[in-house]
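Undergrad: What follows is a predicted structure for the sequence shown.
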Amino acid sequence: MGRLLVTGGAGFIGCNFVRTALSATDHRVTVLDKMTYAANAASLAGLDPRRCELVVGDITDAVLVEGLVAEADIVVHFAAESHNDNSLEDPWPFVHTNLIGTYTLLEAVRKHGVRFHHVSTDEVFGDLPLDDAVKFTETTPYNPSSPYSATKAGSDLLVRAWVRSFGVEATLSNCSNNYGPYQHVEKFIPRQITNILDGVRPKLYGEGANVRDWIHVQDHSRAVLRILEAGVSGRTYLIGANGEQDNMTVLRMILRLMGQDEDDFEQVRDRAGHDLRYAIDGRRMRDELDWVPRFTDFRAGLKQTITWYTENRDWWEPVKASTEAKYAKAEQ
Ligand code: NAD
Ligand code: DAU
C-alpha cells in the first residue's frame, strides 16, 4: 500500500481518478487542490476519511508542496487551469499554475526522490486536418495552438527535462477529450446537457465540424492507474478510445437522447484559433501496458452522463448561472 499525492483531485478527472484508485487499490490518497472555480468539494463527498484527505492549497506554494511530497510515494499531477476559452480571456493563471506549479512539484520530487506522473493533453500536438485519417502518436512534434495548450506543452517539456537532467523518475500521459460525471458545466458536453435541462438552447461554435476524440473519464482513470503500475520512467503514453465525433453529431445525439428536436440549437461565434481535429493512436497503451477502454459505446456513455446530470442538479446548479454569465460577457 502506498500514499498517492493527487494534485487537482477535486476537479473533474482528478476526483474520478481518486474514486477509481480508492476502489481498485489499497492506496491512501492525499488530494492537494486550490479549490478554484473548477473544483467542487462535493465531488469527493462520501469517500472514506481514513483513506482520503483533502488539503486545500496551491501547487505553486513551494513550502506546502515540499511537505506533502516528502510524505508521498507517488505524485499524480492533474492540477491545471484546463479550459481553452478561459485561456483566451486571461492567460496568466494558465502560465502560473500550469508552468510554475509543475516546476514547483518537479523540484520537490527531485529533492525527495519521489516518483511523478504528469497528466497532460493531446492538445500539445496542435490539431489534425479534417480530411485525413492521420492520428497523434508519441513522436508527433509539439505544436500547441492556445495559451492553455502552450502551457501544458511547456509543462510536459519541464517533466522531460527533469527526467533527463536530474534523473527524476517520471511518466507522462497525453489524453484526448474526457466526458462523464463531475465535469464542470463550462465544458461542451455538460454545458449542452445542463442548458437543455434549464430550457435553454444549446450553443454550437461555428459550423460544428470540429472533431474531438471522446474517452470516458473512468477509462482515463484506469489508464493512469495502469501507468502507475507498469509504466516505464521517461516514457510518454497517449490515451484514447477511438472516439472521434464532430461537435454537430455529438450535440444532435444529446438532443435526441434528451427527447428534443435535433435542430433545436443555436450557432454562436466560433472560438479563436479553434483546433480542427484531435485523434489519438493509442497502440502503446494496448501493446505495452495491455490497457483497453471499457466504454466503447459512446452513445451509451453519453446517455449515462445525461442521467448523471439530470439526477445531480445540486452538484452543478450553483455554478451554472455564473458560468453562462462568463460566456455572455466573452461574447460581447
Ligand atoms: P478541471 O479544471 O476540472 O480541474 C482542475 C483542478 O485543478 C481543479 O480542482 C482546480 O481547483 C485545481 N487547481 C487549479 N489550479 C490549481 C493550483 N494552482 N493549485 C492546486 N490546485 C489547482 O480539469 P480536468 O478537466 O479535470 O483536467 C485535469 C487534468 O487533465 C489537467 O491537467 C488537464 O490538462 C488534463 N486533461 C484534461 C482533459 C479533459 O478532457 N478535461 C483531457 C486530457 C488531459
Ligand atoms: O483534448 C483534450 C482537451 O479537451 C483538454 O486538454 C482540455 O482540458 C479540455 O477542456 C478539452 O478541450 P476542448 O477545448 O476540446 O473542450 P471543450 O469542452 O471546451 O470543447 C469541445 C469542443 O466543443 C470544441 O471543439 C469547442 C466546442 N464547443 C465548446 C463549448 C464550451 C462548442 O461548440 N460549444 C460550447 O459551448
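TA: Sure, I can see it. Ligands and ions are numbered 1, 2, ... in the order given.

Undergrad: Would you mind measuring from the closest residue to ligand 1 within the chain to residue 248?
TA: Going by Cβ to the nearest ligand atom, ligand 1 is nearest to residue 11 of the chain, at 2.0 Å. In this view, the C-beta of every residue, glycine as well, is placed from N, C-alpha and C. Going from residue 11 to residue 248 by Cβ to Cβ, to the nearest Å gives 28 Å.

Undergrad: Neighbour count for these two, which is higher?
TA: A direct count of neighbours by other Cβ atoms under 10 Å for residue 11 and residue 248 places residue 11 higher, at 26 against 17.

Undergrad: List the contacts of that one.
TA: 33, 38, 39, 43, 78, 79, 82, 184 (Cβ atoms under 8 Å, 6 or more residues apart in numbering).

Undergrad: Now do the contacts for residue 91.
TA: 147, 151.

Undergrad: Residue 308 and residue 181 touch, don't they?
TA: Yes - at 4.3 Å, residue 308 counts as touching residue 181 under the criterion of Cβ atoms under 8 Å.

Undergrad: More neighbours: which of those two?
TA: The neighbour comparison of residue 308 against residue 181 (other Cβ under 10 Å) goes to residue 181, with 21 against 17.

Undergrad: Now do the strands in the chain.
TA: 3-7, 28-33, 52-56, 74-77, 115-121, 170-175, 178-179, 203-205, 211-213, 215-216, 236-239, 244-246, 266-268 (DSSP state E).

Undergrad: Could you export those as JSON lines, including distance to residue 144, mean neighbour count and mean pLDDT?
TA: As requested, the strands of the chain are exported to JSON lines (distance: least, Cβ to Cβ, whole Å; neighbours: other Cβ atoms under 10 Å; pLDDT from 0 to 100):
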{"stretch": "strand 3-7", "distance to residue 144": "21", "mean neighbour count": "24", "mean pLDDT": "98"}
{"stretch": "strand 28-33", "distance to residue 144": "25", "mean neighbour count": "24", "mean pLDDT": "98"}
{"stretch": "strand 52-56", "distance to residue 144": "30", "mean neighbour count": "16", "mean pLDDT": "98"}
{"stretch": "strand 74-77", "distance to residue 144": "18", "mean neighbour count": "24", "mean pLDDT": "98"}
{"stretch": "strand 115-121", "distance to residue 144": "9", "mean neighbour count": "23", "mean pLDDT": "98"}
{"stretch": "strand 170-175", "distance to residue 144": "11", "mean neighbour count": "24", "mean pLDDT": "98"}
{"stretch": "strand 178-179", "distance to residue 144": "18", "mean neighbour count": "24", "mean pLDDT": "98"}
{"stretch": "strand 203-205", "distance to residue 144": "19", "mean neighbour count": "18", "mean pLDDT": "98"}
{"stretch": "strand 211-213", "distance to residue 144": "16", "mean neighbour count": "21", "mean pLDDT": "98"}
{"stretch": "strand 215-216", "distance to residue 144": "20", "mean neighbour count": "26", "mean pLDDT": "98"}
{"stretch": "strand 236-239", "distance to residue 144": "15", "mean neighbour count": "23", "mean pLDDT": "98"}
{"stretch": "strand 244-246", "distance to residue 144": "20", "mean neighbour count": "18", "mean pLDDT": "98"}
{"stretch": "strand 266-268", "distance to residue 144": "24", "mean neighbour count": "12", "mean pLDDT": "97"}
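
Undergrad: Throw those into TSV and include distance to ligand 2, thanks.
TA: TSV is the format used below for the strands of the chain (distance: least, Cβ to the nearest ligand atom, whole Å):
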stretch	distance to ligand 2
strand 3-7	15
strand 28-33	16
strand 52-56	22
strand 74-77	14
strand 115-121	3
strand 170-175	7
strand 178-179	7
strand 203-205	3
strand 211-213	5
strand 215-216	9
strand 236-239	10
strand 244-246	9
strand 266-268	7
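
Undergrad: Contacts only, for the spatially most central residue of the chain.
TA: With distances taken as Cα atoms, centre = their mean, the residue of the chain nearest its centroid is residue 13 (5.3 Å). By Cβ under 8 Å, 6+ apart, the residues touching residue 13 are 78, 119, 178, 217, 220, 221.

Undergrad: Pull the number of nearby residues for the nearest residue to residue 243 once chain neighbours are set aside.
TA: Once flanking residues are discounted, residue 243 sits nearest to residue 214: 3.7 Å by Cβ to Cβ, 6 or more residues apart in numbering. Look at residue 214: counted by other Cβ under 10 Å, it has 24 neighbours.

Undergrad: what does this structure put close to ligand 2?
TA: 82-84, 121-123, 176-177, 187-188, 191, 203-205, 210, 212, 247, 271, 278 (Cβ under 6 Å from any ligand atom).

Undergrad: which among the residues you listed end up buried?
TA: Neighbour-count burial (16 or more other Cβ atoms under 10 Å) applied to the residues of the chain next to ligand 2 gives 82-84, 121-123, 176-177, 187-188, 191, 203-204, 210, 212, 247, 278.

Undergrad: So which of the residues of the chain next to ligand 2 sit within helices?
TA: 84, 188, 191, 247 (DSSP state H).
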